[in-house]
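Undergrad: A predicted structure for the sequence below; I have some questions about it.
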Number of protein chains: 2
Amino acid sequence: MLTRSLMSVSERPRVKSLIMDHRLSRPVVERFVAGNGLEDAVGAITKLNGSGIGGILDLLGEGVSDPKGASQAADEHLASIKRIEETGIDTTVTIKLTQLGLAFDKAGCIDYVRQLATEARSIGTHIEIDMEQSPFVGDTLEVYRALQADFEDIRLAVQAYLRRTPADLQTMAGLRPKIRLIKGAYSESPEVAVQKKGEIDAQFAWLTDWLLANGKDPAIGTHDGALIDHCIESAGRAGVGKEGFELQFLYGIRRDLQQRLADQGYRTRVYVPFGSAWYPYLMRRMAERPANLRFFLRALVGG
Amino acid sequence: MLTRSLMSVSERPRVKSLIMDHRLSRPVVERFVAGNGLEDAVGAITKLNGSGIGGILDLLGEGVSDPKGASQAADEHLASIKRIEETGIDTTVTIKLTQLGLAFDKAGCIDYVRQLATEARSIGTHIEIDMEQSPFVGDTLEVYRALQADFEDIRLAVQAYLRRTPADLQTMAGLRPKIRLIKGAYSESPEVAVQKKGEIDAQFAWLTDWLLANGKDPAIGTHDGALIDHCIESAGRAGVGKEGFELQFLYGIRRDLQQRLADQGYRTRVYVPFGSAWYPYLMRRMAERPANLRFFLRALVGG
């Protein structure tokens, strides 16, 4: 409920400009976003690497509407990969397919992803594909399937709150897909997505078990301690060691937890967003977790 | 919650004998169960047929624990099929695999189902397989898959409340399975089954759409008017006519609704249980619907 109502309010233009222009938004943005430029993100990841945590470099921005926008996004991703090679930081690169033209040119989008996956592999890392709103799920799966045979290293995000996710994964069971499991943070209808936290958590746990049994090197992307515990216990029951799965987090959220798990020898990566298009990303972070929203409101009203 | 707590109370031996022996239980039993003998069920189905409604003959009883019990149940089913032939009533025969030894002899269970499916087909009807508690789901699916190539007419019940159901169905998509979709009425844990009514309904609607697109002649087993409306509308959108799906109900529940839909030309069948082992069946009916429970309590306390 909180997700849906906050997300819907946040899409009003006046609310958006109020928040984007408010000088007090800055500290909140800085908590959850590495900065406007690639070098800000490189700096943040360098620091994480120093603590034994990998990065997932995320260029903010979604839904370009013309070939020029897609081409620009692809160029920015290529520049990121080049910079990763130069600096030697430990990070993957995550991409949103709508940023690469999925909505209007699927074949072109696949070509971009193939190019990025090739470049990433040449420097010893890999691409991750974010999952976006439900209307894009089918096409995103199609792009993943088109490339999976050539690029088994690509990791695909799937959302536990979607009712279709168990069936989607079962369809891919023969491929042993490499998946990032997240709860999902868009506003979706009850027919499309499970709505209550308890139900989403239970589905997340069920999918974790499925991925440990049927997937390849699953990544569990959550800050929910109970679900992380469930993953660790489930991996134990499935005979999967610490090297067989990854724990993923978001920049600025539960940094204590991130560090503790890294210190315990779990493979951890943090999703590090950078760029000026931080608004929708930030609103999803506010909507999905009351603690984030309180932090935001305290910053706004408390000065 | 009501389901789980009532189901757990109902399993206490003292509660069971109190209810089973109470003279005032009789009117409630008679409302939901056709009677103790096969002829009672034949009579009930004859009456339904007169109103344009088909039957689903259900011999009460579950979970036999030895080969003799399974053999007896198979014999009773064969006697039912013989009686259906003699009387010419319009009914299918539904079976529970644990009654045919699923728990201790899967191969023997498959043999029984094959025999029953053959006999049913020879008199122009078919077998339906009920779905039972979650520990039996995997084996039940296995039995169905073992027979589906030879007996495409067998209908399998699947439960919308189970988290695994979308994945199970997706696994069978290539078979175009013939399914009865029900909500599910056993007490299951949150990791195994969706718990809240709103979530179960949404999953039910999602699965209805899936079956209309991917299944063969789906049957929708619910008394929930909104979900029946959803099915009818979804069939319209999918270009599936009234002949392309079936609406199923339980004996004694929402008889007005059953008749109205039959009168409107929808294919309808009513699940007609008979036999002396009515206790667990009746407790599931009480737990799944407040109106049924109120009816029961009114009979008990009101005299």
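TA: That came through, no problem. This is a predicted model, so every value here is computed, not measured.

Undergrad: from now on I want contacts and neighbour counts done on CA atoms only, so please keep to that.
TA: OK.

Undergrad: and A:Ser17, how many neighbours does it have?
TA: A count of nearby residues for A:Ser17, using other Cα atoms under 10 Å in any protein chain shown, gives 12.

Undergrad: and the gap between it and A:Val29?
TA: 14 Å (Cα to Cα, to the nearest Å).

Undergrad: mind telling me what element whichever residue of the stretch 101-250 of chain A sits closest to chain B is part of?
TA: Here the stretch 101-250 of chain A gets closest to chain B at one residue, A:Ala167, 4.0 Å apart by Cα to the nearest Cα. If you go by DSSP states H and E, A:Ala167 is part of helix A:165-171.

Undergrad: hmm, who's touching the helix or strand immediately after that helix in the chain?
TA: Where DSSP H and E defines the elements, the next helix or strand beyond helix A:165-171 is strand A:179-182. With contact meaning Cα atoms under 8 Å, 6 or more residues apart in numbering or on different chains, strand A:179-182 is reached by A:155-160, A:204, A:207-208, A:211, A:215-222.

Undergrad: sheet-wise, list the partners of strand A:179-182 with their directions.
TA: With DSSP bridges as the test, strand A:179-182 is paired with strand A:155-159 (parallel), strand A:219-221 (parallel).

Undergrad: mean neighbour count added to these, as TSV?
TA: Below are the strands paired with strand A:179-182 laid out as TSV (neighbours: other Cα atoms under 10 Å in any protein chain shown):
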stretch	mean neighbour count
strand A:155-159	25
strand A:219-221	26
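
Undergrad: now render these as a markdown table, adding distance to A:Gly138 and mean pLDDT.
TA: Shown next, in a markdown table, are those (distance: least, Cα to Cα, whole Å; pLDDT from 0 to 100):
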| stretch | distance to A:Gly138 | mean pLDDT |
| --- | --- | --- |
| strand A:155-159 | 11 | 98 |
| strand A:219-221 | 21 | 98 |
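
Undergrad: which among these is found nearest to B:Gly265?
TA: Among these, the nearest to B:Gly265 by Cα to Cα is strand A:155-159 (40.7 Å).

Undergrad: tell me how far that closest one lies from the chain's centre.
TA: Remark: strand A:155-159 is offset 8 Å from the chain centroid, using Cα atoms, centre = their mean, to the nearest Å.

Undergrad: go on, stretch A:161-178?
TA: 17 Å.

Undergrad: now do that stretch: distance from first to last residue.
TA: End-to-end distance of stretch A:161-178 (Cα to Cα): 18 Å.

Undergrad: can you pull the poorly scored residue ranges out of chain A?
TA: A:1-9, A:18, A:22-24, A:299-303 (pLDDT under 70).

Undergrad: can you pull the residues of it lying near chain B?
TA: A:163-164, A:166-171, A:190-192, A:194-195, A:199, A:202-203, A:205-206 (Cα under 8 Å from any Cα of the partner chain).

Undergrad: related to what we said a few turns ago, for the residue of the stretch 101-250 of chain A closest to chain B, what are its contacts?
TA: Here A:Ala167 is in contact with B:Pro166, B:Ala167, B:Asp168, B:Leu169, B:Gln170, B:Thr171 (criterion: Cα under 8 Å, 6+ apart).

Undergrad: try 6 Å this time
TA: B:Pro166, B:Ala167, B:Gln170 (Cα atoms under 6 Å, 6 or more residues apart in numbering or on different chains).

Undergrad: now do it against A:Gly138, distance only.
TA: For A:Ala167, the distance to A:Gly138 - Cα to Cα - is 12 Å.

Undergrad: and for A:Lys197?
TA: From A:Lys197 over to A:Gly138 the distance is 25 Å, taken as Cα to Cα.

Undergrad: now the contacts of A:Ala167 as JSON lines including distance to B:Leu257?
TA: Output for these, formatted as JSON lines (distance: Cα to Cα, whole Å):
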{"residue": "B:Pro166", "distance to B:Leu257": "28"}
{"residue": "B:Ala167", "distance to B:Leu257": "32"}
{"residue": "B:Gln170", "distance to B:Leu257": "31"}
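
Undergrad: just those now: which is nearest chain A?
TA: Of these, the one sitting nearest to chain A (Cα to the nearest Cα) turns out to be B:Ala167, at 4.0 Å.
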